[in-house]
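1. predicted coordinates and the sequence they were generated for:
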Amino acid sequence: RTRRTQRAGGVAVRARLGREAMSQPPITEVVAAVLTQFDGRVLLAQRPPGKVYAGYWEFPGGKVEPGETLEAALARELHEELGIVIDRACRWITRVFEYPHAMVRLNFFRVFEWQGEPHPHEGQVFSWQLPGAVEVTPLLPANFPIVKALSLPPLLGISHAESLGVDTFLARLDVALHNGLRLIQLRDKTLPEEVRLQLAQATVRRAHQHGARVLVNGSPELARAAGADGVHLDSAAAATLTTRPDCVWVGVSCHDAAELGHAAAIEADFALLSPVLPTLTHPGAPTLGWETFSSLAAASPIPVYGLGGLARNDVALAQSHGAHGVALLRGAWT
């Protein structure tokens, strides 16, 4: 198309979006709880007869009442619906979804500790499911990306072969995988392309033996050549895209609200948000701090890993500020 046609098309699209925005129904605030057991299983509930989408499976929760905080609504809904009392709940992600009957903003919380055994107070059927192998069906449409996101582990290791040396890194990778590391970003962008491909292939072979995933920082072509599970994009690479790369898993490195919003717009599966705290490699550099990190993570529709100045024993702390978990560079291999 000509530039004039493209500009005219853009004006038409903006006008249509403006009309749609004015005609959209009001957003209903909803809290949703991801009750998580120690083995990673999460609780799904089947909607009872008589309700919209009866028979579909969803995460427990309900509408926020006028003047009610999200935390209060979560506590009330879980007590009314499941008969439990929350001990530890963490904000996670927020997604807006349009159903035929309503526009809802789903405020998700991870619930890790509670008192009492969940039991149906409203005629539901419950089932504990592993996010990576959900057996109940059908799921509510809004919950497909949620279930996929919940299969992400709380710890992400970023490769460090440039400094350690390839052989040393691979030896430490073996130890980390043996100790439970299940998500790896292969970075090392300054290595020669052939060396980097060989490193990626060796990393993927080792990781897949343990059921771990590897995302390669770079092009989808490199990721496919390495047999990796997906691609990880730095903020500059992500900024050039308007659609999601053709990969099963896509991660994006972000530093502010705009970059995080763009990562969600191209339908990335998760983001790394940094720097959270001061780091040894960048002393005195500006950091987000936990307050800013919390507000960005809570508003994000995709899971966010905290990166920068964190250690593996900071997972619970990061989760209490809305993170899915922590990403580590040096700390993943010590």
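-> Received the coordinates, thanks.
2. what's the following helix or strand after the helix or strand where Thr168 lies?
-> Using DSSP states H and E, Thr168 sits in helix 166-178. Going down the chain from helix 166-178, the next helix or strand is strand 183-186, by DSSP H and E.
3. CA-only coordinates of that following strand in CSV, if you can.
-> Extracted in CSV, the C-alpha atoms of strand 183-186 (Å, rounded to 0.1, in the frame of the first residue of the first chain):
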residue,chain,number,x,y,z
LEU,A,183,14.5,-22.3,33.1
ILE,A,184,17.6,-20.9,31.4
GLN,A,185,18.2,-17.8,29.3
LEU,A,186,21.3,-18.3,27.1
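4. mind listing the helices for the protein?
-> 3-23, 70-82, 144-150, 161-164, 166-178, 193-209, 220-226, 235-239, 257-265, 289-299, 315-320 (DSSP state H).
5. which helices and strands does the second one pack with?
-> Applying 3 or more C-beta pairs under 8 Å, 6 or more residues apart in numbering; DSSP states H and E, one finds that helix 70-82 contacts strand 27-35, strand 61-63, strand 85-98, strand 103-115. C-beta: built from backbone N, CA, C; applies to glycine.
6. endpoint to endpoint, stretch 245-252 covers what distance?
-> End-to-end distance for stretch 245-252, by C-alpha to C-alpha, to the nearest Å: 11 Å.
7. same check, this time on stretch 175-186
-> End-to-end span of stretch 175-186 (C-alpha to C-alpha): 16 Å.
8. repeat that for stretch 60-76.
-> 12 Å.
9. now that stretch: how far from the chain's centre is it?
-> 23 Å (C-alpha atoms, centre = their mean, to the nearest Å).
10. in that stretch, what's buried?
-> For stretch 60-76, a neighbour-count test (16 or more other C-beta atoms under 10 Å) marks 60-62, 64, 70, 73-75 as buried.
11. let's test this: mean pLDDT of that stretch, rounded?
-> Averaging pLDDT along stretch 60-76 gives 97.
12. now stretch 321-329
-> Stretch 321-329 comes out at a mean pLDDT of 98.
13. ok, stretch 107-122 next?
-> pLDDT averaged over stretch 107-122 gives 92.
14. which of the residues in it are buried?
-> 107-112, 114, 118.
15. any chance of the buried residues of stretch 60-76 in TSV, plus distance to Leu288?
-> Output for the buried residues of stretch 60-76, formatted as TSV (distance: C-beta to C-beta, whole Å):
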residue	distance to Leu288
Pro60	32
Gly61	29
Gly62	32
Val64	27
Leu70	22
Ala73	28
Leu74	25
Ala75	29
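16. for the nearest residue to Gly331 once chain neighbours are set aside, give me the backbone phi and psi.
-> Distance criterion C-beta to C-beta, 6 or more residues apart in numbering; nearest residue to Gly331, sequence neighbours excluded, is Ala311 at 5.2 Å. With angles defined as degrees, to the nearest 10, Ala311 sits at phi -130, psi 170.
17. what about Ala311, neighbour count?
-> 13 (other C-beta atoms under 10 Å).
18. could you do the one 10 residues further on as well?
-> Per other C-beta under 10 Å, the neighbour tally for His321 reads 22.
19. and the residue nearest to it when sequence neighbours are not counted, how far from Thr334?
-> For His321, ignoring the flanking residues on the chain, the nearest one in space by C-beta to C-beta, 6+ apart is Ser294 at 4.3 Å. According to C-beta to C-beta, to the nearest Å, Ser294 stands 27 Å off from Thr334.
20. where does the stretch 201-334 of the chain have low pLDDT?
-> Across the stretch 201-334 of the chain, not a single residue meets the criterion (pLDDT under 70).
21. Ser294 and Thr334 - which one has more neighbours?
-> Taking neighbours as other C-beta under 10 Å, Ser294 and Thr334 compare with Ser294 leading, 19 against 11.
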